[in-house]
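*Asks:* Pasted the sequence and its predicted model underneath.
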Amino acid sequence: MEIWIHSLKPTSINSSHKEKNILQESLNDQMIVRREKLDKLRALGIDPFPHKFERSHVIPDLKQGKERLVAEKLVIRTAGRILTLRRQGKTSFAHILDFEDRIQIYVRQDQLGEKNYETFKLLDIGDIIGVGGYLFYTHSQELTVHVNELQILAKALRPLPVVKEKEVDGKKVYFDQLADTDFRYRHRYLDLIVNPEVRQVFVKRTRIIHAIRQFLNNQGFYEVETPMLQPLYGGAFARPFKTHHHALNMPLYLKVSPELYLKRLIVGGLEKVYELNKNFRNEGIDRTHNPEFSMLEVYQAYATFEDMMKLTEQLIGVAAGMVHAGNRFNYQDQSIDLNPPWRRLTLIEALKEYAGIDVEGMSETELRKRVQVHGLEAGPAISRGLLINNLFEEIVEAKLIQPTFITHYPRETTPLCKSTLGQPELIDRFELFIQGWEIANAYSELNDPILQRTLFEEQAKHREIEGEVPPVDEDFLRAVEYGMPPTGGLGIGIDRLIILLTNQQSIRDIVFFPHMKPESSAVLSE
């Protein structure tokens, strides 16, 4: 029974005195002690950062097969980060954590030997170790690994934040660094180590995205990729990120939307395509917006926005099923019911119901006055359709808590959508709202190249006034001139959907590394 060691060349045993002096000027006492322990391990011939460790079981598997493993005293090998460490003379207890779970280990001097047990004393909370032994239950009936072999896999040179908690009204309240959300977002690695519930949020994120892909694949859609760097940006009103390609000596833009490229594929004969990837928009940051975000766009030839409604109900139901037992769940204190069919209202009907505003018989003058009452722009350059849409966004959106399809938007809201038959001032478009958030957006896609050009050029006239208006994409228009079949298109904001389904407060809670303002100091407080 021994601690496994790996030989090192003598030159790597100690840091030079000069390096130590420089380091100690910027290190606190705990960090200095850990580096001293590192040197002691190396002096003993132990590699604190070995190449590999073979596990026979991950910790969840140990717990799942515990009865047989305990009864037969089978030899197991597992690994994890030390979370707790309690030494009692010649015996020690600790808890180690792998990605999904943690387990107690029991270490005895008479099992490891006196020399190796002294080496074990050089370990700290935060170190990653591999252990071998067998499972048993302690007197308190806690499943535990009785260790007879141990290997250090990574010496942690910084101490983990100490989680401080107290009980308030029967609930645990944290008041340490990791209660500071900014600290957690900036140092996600610490957040993931210390907070198991955070790890589970990201496990759910992965499962939701996998379920969406699997559902679409089973429906006969092909997953494709479009360029991240594009010579023109388009498919959405958004301010792009701009860069320059030196070899080609040309400007390029990070993708704001894959729409125009995916429609080129529809023209090319790929009748059912989707892309689930990152989009980039050089805009504000708030609870539901990040400069880069995950977006799903789906296009189906010979379909309409009505077909996209059915697809949306099915797809979101499948995604919810990965993290909830049924179609009902709570977001914060609000119950959400995803049982189809979801409610459908036209935008004009929604304004009547939720705002008491009937815009159908309203004069232009009266409409502009009503818009101004709500503090919105109402200048002559803003068309009637946009005024109506702005009223809806200001007054109604936040009130749409249960899943609701809002249909038939004013034509001016997008140049990429077919007009509604018999109502040319409206378009065959829907947006899905849940919890007051726009979750999805869909069209019966415009496929008339002459009308498409006219609308693009009309839109482009406003580029100098409105910086988010994209330029005219001549190659896209050329593609549509070869003939694009009637097509239904759908976009779903994946991050917002995951916020909702995982009951989180902000997009920063479901993105591993959200964008934030620079820290005033690069040095973390310990």
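*Replies:* Thanks, I have it.
*Asks:* so who does Gly220 touch?
*Replies:* Lys272 (Cβ atoms under 8 Å, 6 or more residues apart in numbering). For the C-beta atoms, the positions are set from N, CA and C on the backbone; glycine is no exception.
*Asks:* If you average the pLDDT over the longest helix along the chain, what comes out?
*Replies:* Criterion DSSP state H: the longest helix present in the chain is helix 196-218. Per-region confidence: helix 196-218 scores 96 on mean pLDDT.
*Asks:* Break this structure into its domains for me.
*Replies:* What automatic domain parsing lists as the domains of the chain is 10-154, 168-194, 198-342+402-509, 359-401.
*Asks:* ok, back up a step: name the residues that touch the longest helix of the chain?
*Replies:* Contacts with helix 196-218, where a contact means Cβ under 8 Å, 6+ apart, come from 97, 99-100, 184, 191-192, 223, 274, 276, 294, 296, 298, 314-315, 318-319, 321-323, 494, 497-498, 501-502, 504, 509-510, 512.
*Asks:* Neighbour count says what about those residues? Which are buried?
*Replies:* The neighbour-count test (16 or more other Cβ atoms under 10 Å) marks 97, 184, 191-192, 274, 276, 294, 296, 298, 315, 318-319, 321-323, 494, 497-498, 501-502, 504, 509-510 as buried among the contacts of helix 196-218.
*Asks:* Tell me which residues touch the closest residue in space to Asp101 that isn't next to it in sequence, please.
*Replies:* In space, and not counting its chain neighbours, Asp101 is closest to Ile59: 4.4 Å by Cβ to Cβ, 6 or more residues apart in numbering. Neighbour list for Ile59: 78, 80, 96-98, 100-103 [criterion: Cβ under 8 Å, 6+ apart].
*Asks:* Let's have those in CSV, adding pLDDT, distance to Thr144 and secondary structure.
*Replies:* Below are these laid out as CSV (pLDDT from 0 to 100; distance: Cβ to Cβ, whole Å; DSSP: H, G, I helix; E, B strand; the rest coil):
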residue, pLDDT, distance to Thr144, secondary structure
Thr78, 98, 12, strand
Gly80, 97, 13, strand
Ile96, 96, 11, strand
Leu97, 95, 15, strand
Asp98, 95, 16, coil
Glu100, 89, 18, coil
Asp101, 93, 14, coil
Arg102, 94, 12, strand
Ile103, 97, 7, strand
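*Asks:* Let me know the closest of the residues you listed to Lys310.
*Replies:* Glu100 (36.3 Å; Cβ to Cβ).
*Asks:* wait, the closest one sits on Pro60?
*Replies:* Yes: using Cβ atoms under 8 Å, Glu100 makes contact with Pro60 at a distance of 4.9 Å.
*Asks:* okay, and for the chain, where does confidence drop off?
*Replies:* For the chain, the stretches with pLDDT under 70 are 1-26, 163-168, 170-178, 462-467, 520-526.
*Asks:* What's opposite the nearest residue to Arg86 once chain neighbours are set aside in the beta bridge?
*Replies:* Distances taken as Cβ to Cβ, 6+ apart put Phe93 closest to Arg86, at 4.7 Å, once the chain neighbours are dropped. Beta-bridge pairing for Phe93 (DSSP bridges): Arg86, Tyr106.
*Asks:* Which secondary structure elements does the strand or helix carrying Leu315 sit against?
*Replies:* In this assignment (DSSP states H and E), Leu315 forms part of helix 305-321. Under the contact definition 3 or more Cβ pairs under 8 Å, 6 or more residues apart in numbering; DSSP states H and E, helix 305-321 sits against helix 196-218, strand 292-301, strand 429-434, strand 437-444, strand 487-493, helix 494-501.
*Asks:* and the helix or strand following it, which strands flank it?
*Replies:* Next helix or strand after helix 305-321 toward the C-terminus (DSSP H and E): strand 328-331. Sheet pairing of strand 328-331 (DSSP bridges) gives strand 334-337 (antiparallel).
*Asks:* to the chain's geometric centre, what's the distance from the partner strand?
*Replies:* Chain-centre distance of strand 334-337: 22 Å, with Cα atoms, centre = their mean, to the nearest Å.
*Asks:* and the next element down the chain from that strand?
*Replies:* Immediately after strand 334-337, counting by DSSP H and E, sits strand 343-346.
*Asks:* for that next one, the distance to its chain's centre please.
*Replies:* The chain centroid and the centroid of strand 343-346 are separated by 29 Å, computed with Cα atoms, centre = their mean.
*Asks:* Surely Gln372 is in a helix?
*Replies:* Yes: according to DSSP: H, G, I helix; E, B strand; the rest coil, Gln372 belongs to a helix.
*Asks:* Apart from its neighbours in sequence, what residue is nearest it?
*Replies:* Among residues not flanking Gln372 along the chain, Ala378 sits closest, at 4.8 Å (Cβ to Cβ, 6+ apart).
*Asks:* Tell me who's in contact with Thr144.
*Replies:* Thr144 makes contact with 93, 103-106, 135-138 under the criterion Cβ under 8 Å, 6+ apart.
*Asks:* The same query, at a cut-off of 6 Å, please.
*Replies:* 104, 106, 136, 138 (Cβ atoms under 6 Å, 6 or more residues apart in numbering).
*Asks:* Make JSON lines from the helices and strands packed on helix 305-321 and add distance to Thr420 to it.
*Replies:* Converted to JSON lines, those look like this (distance: least, Cβ to Cβ, whole Å):
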{"stretch": "helix 196-218", "distance to Thr420": "27"}
{"stretch": "strand 292-301", "distance to Thr420": "20"}
{"stretch": "strand 429-434", "distance to Thr420": "9"}
{"stretch": "strand 437-444", "distance to Thr420": "9"}
{"stretch": "strand 487-493", "distance to Thr420": "15"}
{"stretch": "helix 494-501", "distance to Thr420": "27"}
